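Asker: sequence and predicted structure, then a few things I'm wondering about:
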Amino acid sequence: MYARLYSILHIVKLWASAFGGEIKSISAKYSGSQLLQKKYKEPEKSVRVEEIDGVKLVKNLAVKMEEMFQKKAEATRVSSGMHLSNNVELGGDFILEPNDHFNNLSVNLSLSVVQVPTNMYNKDPDIVNGVYWSEALNKVFVENFERDPTLIWQYFGSAKGFFRQYPGVKWHPDEHGVIGFDCRNRKWYIQAATSPKDVVILVDVSGSMKGLRLTIARQTVSSILDTLGDDDFFNIIAYNQEIHYVEPCLNGTLVRADRTNKDHFREHLDKLFAKGIGLLGEALTEAFSILNDFNQTGRGSVCSQAIMLVTDGATEMYDDVFEKYNWPERKVRIFPYLIGRESAFADNLKWMACANKGYFSQISTLADVQENVMRYLHVMSRPKVIDHEHDTVWTEAYVDRSFLFLLQLNDKSGPSLTTTVAMPVFSTKNETNQGILLGVVGTDIPLQELMKLIPKHMLGIHGYVFAITNNGYILTHPDLRPLYQEGQKRRKPNYSSVDLSEVEWEDKDYILRNAMVNRRTGTFSMEVKRTVDRGRRVLKMHNDYYYTDINGTPFSVGVALSRGHGKYFFRGNVSMEAGLRDLEQPDVALADEWTYCNTEEKHEHRHLSQIQAIKLYMMGRRPHLKCDRELIQEVLFDAVVTAPLKSYWNSLALNKSENSDKGVEIVFLGTRTGLSRTKLFVPTDQLSNQDFLTAEDKEGVFNADHFPLWYKRAAEQVPGTFVYSIPFSTALENKSVVLASTAIQLLDDRKSPIVAAVGLQMKLEYFQRKFWTACRQCTALDGKCIISCDSEDINCYLIDNNGFILVTEEQSQTGLFFGEVEGAVMNKLLQMGCFKRITLYDYQALCREYAGSSDSARTLSDPFSVVKWLLTELVIFLLEFNLYSWWNVDFSVKAQRSRSKTMMVPCDTEYPAFVSERTIKETTGNIECDGCLRSFVIQQIPSTNLFMVVVDNKCDCSSIPPSLKCDRLKLQKDRKKPESCHPFHPEENAMECGSASRLSSRLAAILLPLLAATISR
């Protein structure tokens, strides 16, 4: 038996060698890899290899980001300090013209536009007056844009609800004719208008709250949640004769008001029902205790505090509770919301508000909810107004889809992430006893602007830049995935609150995260696993991190460099004339999202392509054009060195005897400077994969935050070898082509930078034909081999180093994971060490939840559905999540769910990736299945990442059986609190507390002495 296995191994080795030699010859010849390697080595003695100084790199980057952010902030400072006059004429022609700077939207660059939500009366005198005096902002907005042409939307959100936006644009209502956009609900408005706060919401669920009142109460609580931001903390308590925490596992604590937590609580609001009697005293005592205890831990906002009371009445004033917990300091404001039309208990609730620096509101209908909830923001803003603190605030990364929809902005790639810098605007009149917040001015900063500052050519192939907020949330990171595709690109529910620890998850102790949150400068190092090709493949590397804070903002920035070739950079030099000549060739392209020259800063430069801008800059024709001279010098060097490939490829294309069957379709190269060259061997319309090397193929081209996939994978291969794969990165998985690429190394040692990568796309049918031809070779004298891939007794496969099938006799299996087809063999390969299983985690996943089923999306504590291929002692935890849904979901429940409604919900997932062991070149094995012995042979294909697997087909081994959110909410990671805090002010007019002027004479007689006494104390 062993003699037979040895003979089979010998034959398979012959096949592998024949195929490896043939495919390497084709790849090397058409790609021109040897020529390119030679051309980069020719100037070897004149180039300088330098180690990248990560500390210097991150500090320089932080300075550039600081300058950019402060330039944007200056526009809001000018707007907020503008004297607003009542004597401004409205009107004038409102002409709209398309402008490419604003996504080709038709805009008016001379005027702003005012939008009033549909649910507000646009003839209200306060709104009309506000529109008149805010017209003075037109001039400021225009001057800001002239001074900084990179600005996009500038706006003023009025405390009265109207929204002034520049440039002027036409707003579009939804399908119901409604414009629901209310600027006061936006995070930039809330953060600028108020200080961070801890809030306990008390909801009355006594029997009198049944029916419409409870519905209004739920909507009121939901609207309050809308006004809370990432720097705020909250909890919700329902009360009748007992205290009920809406989320029982959060008893006695507060949680951050991020979107995930707020949505979680909203789900629980629907479970509230009314019964019994309401004991408000116990509820108030509990709320005060939580706020006091949580404040002492230092984990909350450590600033403003408030209790929101949603009820249909209070039978007493509970002055004993307030005297015990809140007087005389009155640090906790009380905001009662009286639900319903009855006013029998209004005086008691008004008294609570006035005695505790709060505000009373009565909400009779659902239509009253929004405006009444908003009133508390004016009260919370009083201390800041009186102090005249124009605090600059910065939001986390977000996409305001309602805003984009109303402007009818359509972007095939999906909406881009933005941060907003905002500042409050106060009345200039002498009203310090109460303070008047007029509104908030702001401007958006697309994070693409941040990406333009990144020197990608200095980061190496796997290096990247990332930035986070003071809460640890990601501002920008190449692994942040805010959108998912389901018909059209949509935001994930928790896209704006993805923590750094959820993408740099190997940092189990949060060392990197906490250092950056606390605005430190330093370094960190760890082993990481980076997924590529939509999560199907993994690259293992060692990263060094360098980080520092960005002055004047709550942000910190970091740089990650991979050890080895990623830490080195080389500088070459060529004449300007030669470089520009070769750069202007038609086969040359530069990375679209890299900034060689800043063509956005001046209006007169916007029509220039990057190559045109480089030429003008180098020839001195545009002295005001800002360019990266160092990057340009290196891209000119690469243009000259790679120029001979053009002639080489053209000669191959002209030789009719070459590629007669058109098996090779396109060849390409890319360099460390984002330069690429391509050559088609077939007409464009005949390409099997039309998306390759286009903007549709996100992973296949140079982007602002990553090198192409074929470049990255080639860099991790042994020098001189090719990496082959069937692409998964196109919109629809393309199983008709094979990609091959190899890296070009400058020097022959580990410290050599990877200077370029070169490759080709060939037809899958052509590639497979070469494989089957090689498998027909035989050394037997009679020409009859003991095995043949044509025989029904064996199955022959060609798989890559991640276990995906490139060649098989069954075409439908092409592109599948080998374990799905030969589960028993794959399991044996794992046991033998030929492949390794690597466990990965995705904390940004979306799971498909089936409505009406308790078997919904499960977290890491609950294993996911069993994958189709069943391995002994191996369970794959996948439930059709996000981008990693290439394996099928649990087929045992699929049929019964097929008719159910589904929705995508956030979940944490654990999933596997597989990598071959490079040291194992060949091996044999046996599998026992129900008394039947099944043999297999695996042999590496020389100079590739491929393996031939030949499996005995005598036994059926397909029936091997498989072996079979409260803590996350409580988790409070370190955060840096905002430096500015204005919780209260001694000059506040506490009598401005909600219709206080109409207090009954009896109530006023009680309240006024109390206020005088507490103030005097």
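Answerer: Sure, I can see it. Numbers count the residues shown, from 1 in each chain.
Asker: centre-most residue in the protein?
Answerer: With distances taken as Cα atoms, centre = their mean, L480 lies nearest the centre of the chain, 3.0 Å away.
Asker: who touches it in this structure?
Answerer: L480 makes contacts with 397, 474, 498, 503, 844, as judged by Cβ atoms under 8 Å, 6 or more residues apart in numbering. Placement of C-beta: from N, CA and C, glycine included.
Asker: then Q70?
Answerer: Listed by Cβ under 8 Å, 6+ apart, the contact partners of Q70 are G552.
Asker: starting at the chain centroid, how far to the helix or strand encompassing it?
Answerer: Using DSSP states H and E, the element containing Q70 is helix 54-80. Averaging C-alpha positions (Cα atoms, centre = their mean, to the nearest Å) puts helix 54-80 22 Å from its chain's average.
Asker: just stretch 191-210 next, same as before
Answerer: 31 Å.
Asker: list the buried ones in it?
Answerer: Buried positions in stretch 191-210, judged by neighbour count with 16 or more other Cβ atoms under 10 Å: 191-206, 208-209.
Asker: in helices only, show me the residues you listed.
Answerer: Members of these lying in helices (criterion: DSSP state H): 191-193.
Asker: just put those in CSV and tack on distance to R581 and pLDDT.
Answerer: As requested, those are arranged in CSV below (distance: Cβ to Cβ, whole Å; pLDDT from 0 to 100):
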residue, distance to R581, pLDDT
Q191, 53, 87
A192, 53, 89
A193, 58, 86
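Asker: which elements pack onto the lengthiest helix in the chain?
Answerer: Longest helix in the chain by number of residues, with DSSP H as the criterion: helix 2-31. On a contact count with 3 or more Cβ pairs under 8 Å, 6 or more residues apart in numbering; DSSP states H and E, helix 2-31 meets strand 664-671, strand 737-745, strand 754-763, helix 764-774, strand 922-929, strand 932-940, strand 946-952.
Asker: any idea which of the ones you listed scores lowest on pLDDT?
Answerer: Comparing mean pLDDT across these, the weakest is strand 922-929, with a mean of 86.
Asker: quick check: the closest residue to V821 other than its chain neighbours vs N261, distance?
Answerer: With Cβ to Cβ, 6 or more residues apart in numbering as the criterion, V821 has its nearest non-adjacent residue at 5.2 Å, and that residue is Q813. Separation of Q813 from N261 (Cβ to Cβ, to the nearest Å): 45 Å.
Asker: comparing these two, which residue is more hemmed in?
Answerer: Each of Q813 and N261 has its neighbours counted (other Cβ atoms under 10 Å); N261 has more, 23 against 17.
Asker: can you verify that one is assigned to a helix?
Answerer: Yes - counting by DSSP: H, G, I helix; E, B strand; the rest coil, N261 is part of a helix.
Asker: show me the shaky parts of the stretch 801-950 of the chain.
Answerer: Scanning the stretch 801-950 of the chain with the threshold set as pLDDT under 70 gives 848-903.
Asker: can you give me the strands in the stretch 601-750 of the chain?
Answerer: Applying DSSP state E, counting those that start in this stretch to the stretch 601-750 of the chain gives strands spanning 626-627, 664-671, 675-680, 723-725, 737-745.
Asker: ok so, going back, which other helices and strands contact the helix or strand following the longest helix of the chain?
Answerer: Where DSSP H and E defines the elements, the next helix or strand beyond helix 2-31 is helix 33-41. The helices and strands touching helix 33-41, judged by 3+ Cβ pairs under 8 Å, 6+ apart, are helix 629-654, strand 737-745, strand 754-763.
Asker: tell me the buried residues in the longest one?
Answerer: The one in question is helix 629-654. Quick answer for helix 629-654 (16+ other Cβ under 10 Å): 631-643, 645-646, 648-649, 652-653.
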